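Participant: Got a predicted model here, sequence first, then my questions.
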Amino acid sequence: MKIKRSNLLNIIFFLIHLSAYAYFFSLNNWNSNSRYGLTMAIIDQGTLAIDAFHNTPEWFTGDQSYFHGHYYSDKAPGTSFLAVIFFGPIYAFCKLSGIALGAIEIKVLISILSIALPSAVGALLVFIVAQKITGETSPAFWASISVTLGSMFWPFSTTFISHALTGTFIFASFFLGFRAYSAGKIPNKRTLFWIGLTMGFAFITEYTTALVIIWVLAYLFFKAVQRKQFLKSFLLIGLGSVIAVLPAVIYNQLVFRNPLASGYSHLTDKQFATGMAQGLMGIGYPNWRVLLFMTIHPAQGIFWQSPALLFAIPPYLKLTAQKYKAELIMALGMAASLLITMSGYYMWWGGESFAIRHLTPIMLFLVIPLASLASRLKPFLIASTILSVLQMFLVAATSLFVPDTWVKNLSLLDPFRPFQYSVLYSTIFPQFLIGQLTGNLGRSLITNPFCSLVPFILIEGLMFGLFYGIVTGRLKLKWAS
């Protein structure tokens, strides 16, 4: 039995990303531990309170809420709910079998199953969309990895926080609609229901992604109206969304005695509580100066950290000539909305983070303009993608979480005199040079930090070579057609 060449390439593309997302892990940070705490409270103790975890060395977190004598995670619960589904049965089996799992083993397994695996699926969906837009495998490959490996999506797919997972589920909701509409078909009832389900789950994983979800809904609304399918479409999408959101509503009612409450309403950290009380959940008016820091400044600017993303701009200069206008407008709208909105957030830089992590959910959608890039510019996209991937490799291998002390000197950092500080090259790169790396699967067998990267490089090199050997026809496999 032969496997189709296109399916084989999709499998290899998926494995390239699964190994990249699963190989590295950042375990001990407040954000992750808050989510780990809720996961373990549910599967180990059958409770929603993290009293037994929040103040212990392995699970310590300051990202917590306090209500009626108990401590709870202050995060949207979706990430932990997914971990319960994926890891809960494994944990129950280990307990019944007398297999003792330490905190590190538990955290790594949860991270791989709940973040790396779904994110790799999201990367595959990106590649399928890019192939549809370009009609060619090689250009689709470069457009895809510019966002899946060349943006902050890669590092945030290696740790148990919400942003990459949310981006995956929102993109999945778009993909389900795009796949049908781009083939000239109307999404069936099951597809519409799953669109709603993935949207709803994205929302209960990170509430701020409502801004992105609105643009996907607008796109689906436009396509449904074109095909006179509006009422049916949105009833089924609404049903799926309600079912996905319901567990979070029940969670909030059980924990905070209010179905519309959230952990951010009962924060224990006074500084965070004061910040989140500003405006709407900490979001005030847009700030043009912050927009410069978010985009072009070396401190954390997305175009500095991922220069390949600059090539998402040219397709909009000739929008009327583009085939996928609705998709391009959707991607532009969500990117602009999230950038402008988050520029007014009191902690726009994302705390102790190498990047503005709240922008992660839009990264996958940037494949739409990148795949629409004119052919004459694609060699430049390839060169900038290689640089972007190398820079994100530095982050994934070293640390996603860096001190945000530089923000205290923000008034001294002039956006028009940018070469004063860069998270990548002032903090992360020096750490990499001295071997101060994050955890990775190779460290379980190899103590030298640099040597622990060798298995990863070999695995990725082998799969990249296999992929391009098949694409170019230099590698011929008898069992592939």
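Facilitator: That came through, no problem.
Participant: any weak-confidence spans in the stretch 151-300 of the chain?
Facilitator: The model of the stretch 151-300 of the chain has pLDDT under 70 over residues 230-231, 273, 276-277, 279.
Participant: again, only using 90
Facilitator: 182-187, 208, 221, 223-235, 260-290, 292-293, 296-299 (pLDDT under 90).
Participant: so how far is residue 23 from residue 120?
Facilitator: Computed as C-beta to C-beta, to the nearest Å, the residue 120 to residue 23 distance reads 12 Å. Quick note: C-beta positions are derived from backbone N, CA and C, even for glycine.
Participant: The residue nearest to residue 113 when sequence neighbours are not counted: what's it in contact with?
Facilitator: Nearest residue to residue 113, sequence neighbours excluded (C-beta to C-beta, 6 or more residues apart in numbering): residue 86, at 4.1 Å. By C-beta atoms under 8 Å, 6 or more residues apart in numbering, the contact set of residue 86 is 110, 113, 114, 117.
Participant: Past the helix or strand hosting the last one, which element shows up next along the chain?
Facilitator: Using DSSP states H and E, residue 117 sits within helix 117-134. Remark: after helix 117-134, the chain's next helix or strand is helix 137-148, criterion DSSP H and E.
Participant: So which bits of that following helix are buried?
Facilitator: 137, 139, 140, 141, 142, 143, 144, 145, 146, 147, 148 (16 or more other C-beta atoms under 10 Å).
Participant: how far off helix 117-134 does it point, in degrees?
Facilitator: In terms of direction (axes from the mean of the first three to the mean of the last three C-alpha atoms, to 10 degrees), helix 137-148 departs from helix 117-134 by 140 degrees.
Participant: Give me the contact list for helix 137-148.
Facilitator: The contact list for helix 137-148 (C-beta under 8 Å, 6+ apart) reads 9, 13, 17, 122-123, 126-127, 130-131, 133-134, 153-154, 306, 308-309, 311, 363-364, 366-367, 370-371, 373, 375, 378, 381-382, 384-385, 388-389, 467, 471.
Participant: What average pLDDT does stretch 398-407 get?
Facilitator: The pLDDT scores in stretch 398-407 average 86.
Participant: contacting residues around that stretch?
Facilitator: Residues from elsewhere that reach stretch 398-407 (C-beta under 8 Å, 6+ apart): 26, 29, 155-156, 158-159, 299, 349, 351-354, 413, 421, 423, 426-429, 431-432, 436-438.
Participant: Mind putting the contacts of residue 86 into CSV with pLDDT?
Facilitator: Listed next are the contacts of residue 86 as CSV, based on pLDDT from 0 to 100:
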residue, pLDDT
110, 96
113, 97
114, 97
117, 97
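Participant: List only buried entries from the contacts of stretch 398-407.
Facilitator: 26, 29, 155-156, 158-159, 299, 349, 352-354, 413, 421, 423, 427-428, 431-432, 437-438.
Participant: Tell me which of those fall in strands.
Facilitator: Among the buried ones among the contacts of stretch 398-407, no member is found in strands (DSSP state E).
Participant: Now, of the contacts of helix 137-148, which are buried?
Facilitator: By 16+ other C-beta under 10 Å, those give 9, 13, 17, 122-123, 126-127, 130-131, 133-134, 153-154, 306, 308-309, 311, 363-364, 366-367, 370-371, 373, 378, 381-382, 384-385, 388-389, 467, 471 as buried.
Participant: Neighbours of residue 31, how many?
Facilitator: By the criterion of other C-beta atoms under 10 Å, residue 31 has 27 neighbours.
Participant: Just give the closest residue to it, not the sequence neighbours.
Facilitator: Ranked by C-beta to C-beta, 6+ apart and with sequence neighbours excluded, the top spatial neighbour of residue 31 is residue 161, at 4.9 Å.
Participant: how much space is there between residue 90 and residue 110?
Facilitator: Residue 90 sits 9 Å away from residue 110, going by C-beta to C-beta.
Participant: Same drill for the two, tell me which one is more crowded.
Facilitator: residue 110 (29 against 16).
Participant: quick one: contacts for that one?
Facilitator: Contacts for residue 110 (C-beta under 8 Å, 6+ apart) come out as 36, 39, 83, 86, 87, 160.
Participant: wait, which of those is closest to residue 183?
Facilitator: Of all the contacts of residue 110, residue 183 sits closest to residue 86, with 31.2 Å by C-beta to C-beta.
Participant: so which strand or helix has the closest one?
Facilitator: Going by DSSP H and E, residue 86 is part of helix 78-97.
Participant: now the following helix or strand past that helix against helix 117-134, angle please.
Facilitator: Later in the chain than helix 78-97, the nearest helix or strand by DSSP H and E is helix 103-111. Angle between the axes of helix 103-111 and helix 117-134 is 30 degrees (criterion: the same axes, to 10 degrees).
Participant: May I see the buried residues of helix 103-111?
Facilitator: Residues of helix 103-111 classed as buried by neighbour count (16+ other C-beta under 10 Å): 103, 106, 107, 108, 109, 110, 111.
Participant: what's the nearest residue to the fourth one if we skip its chain neighbours?
Facilitator: This means residue 108. Per C-beta to C-beta, 6+ apart, closest to residue 108 is residue 25, 5.5 Å.
Participant: Near that neighbour, how many other residues are there?
Facilitator: 24.
Participant: That one reaches residue 109, doesn't it?
Facilitator: No: using C-beta atoms under 8 Å, residue 25 is not in contact with residue 109; the gap is 10.1 Å.
Participant: related to what we said a few turns ago, so can I have CSV of the contacts of residue 86 showing distance to residue 455?
Facilitator: Formatted as CSV, those follow (distance: C-beta to C-beta, whole Å):
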residue, distance to residue 455
110, 22
113, 21
114, 23
117, 19
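Participant: wait, which of these is closest to residue 79?
Facilitator: Here the nearest of the contacts of residue 86 to residue 79, counting by C-beta to C-beta, is residue 114; it sits at 6.7 Å.
Participant: measure the closest one to residue 308 for me?
Facilitator: 28 Å.
Participant: Going by distance to residue 443, which of the contacts of residue 86 wins?
Facilitator: residue 110 (18.1 Å).
Participant: State the distance from the closest one to residue 202.
Facilitator: From residue 110 to residue 202 the distance is 19 Å (C-beta to C-beta).
Participant: same deal with residue 41?
Facilitator: 23 Å.
Participant: Tell me which of the two has more neighbours.
Facilitator: The neighbour count for residue 41 versus residue 202, taken as other C-beta under 10 Å, is higher for residue 202 (30 against 24).
Participant: following the helix or strand harbouring that one, which helix or strand comes up?
Facilitator: Per DSSP H and E: residue 202 is located in helix 189-205. From helix 189-205 onward toward the C-terminus, using DSSP H and E, the following helix or strand is helix 210-226.
Participant: and the end-to-end length of stretch 250-267?
Facilitator: Stretch 250-267 has its terminal residues 20 Å apart, counting by C-alpha to C-alpha, to the nearest Å.
Participant: Was I right to think residue 389 contacts residue 155?
Facilitator: No: here residue 389 lies out of contact with residue 155, judged by C-beta under 8 Å, at a distance of 11.5 Å.
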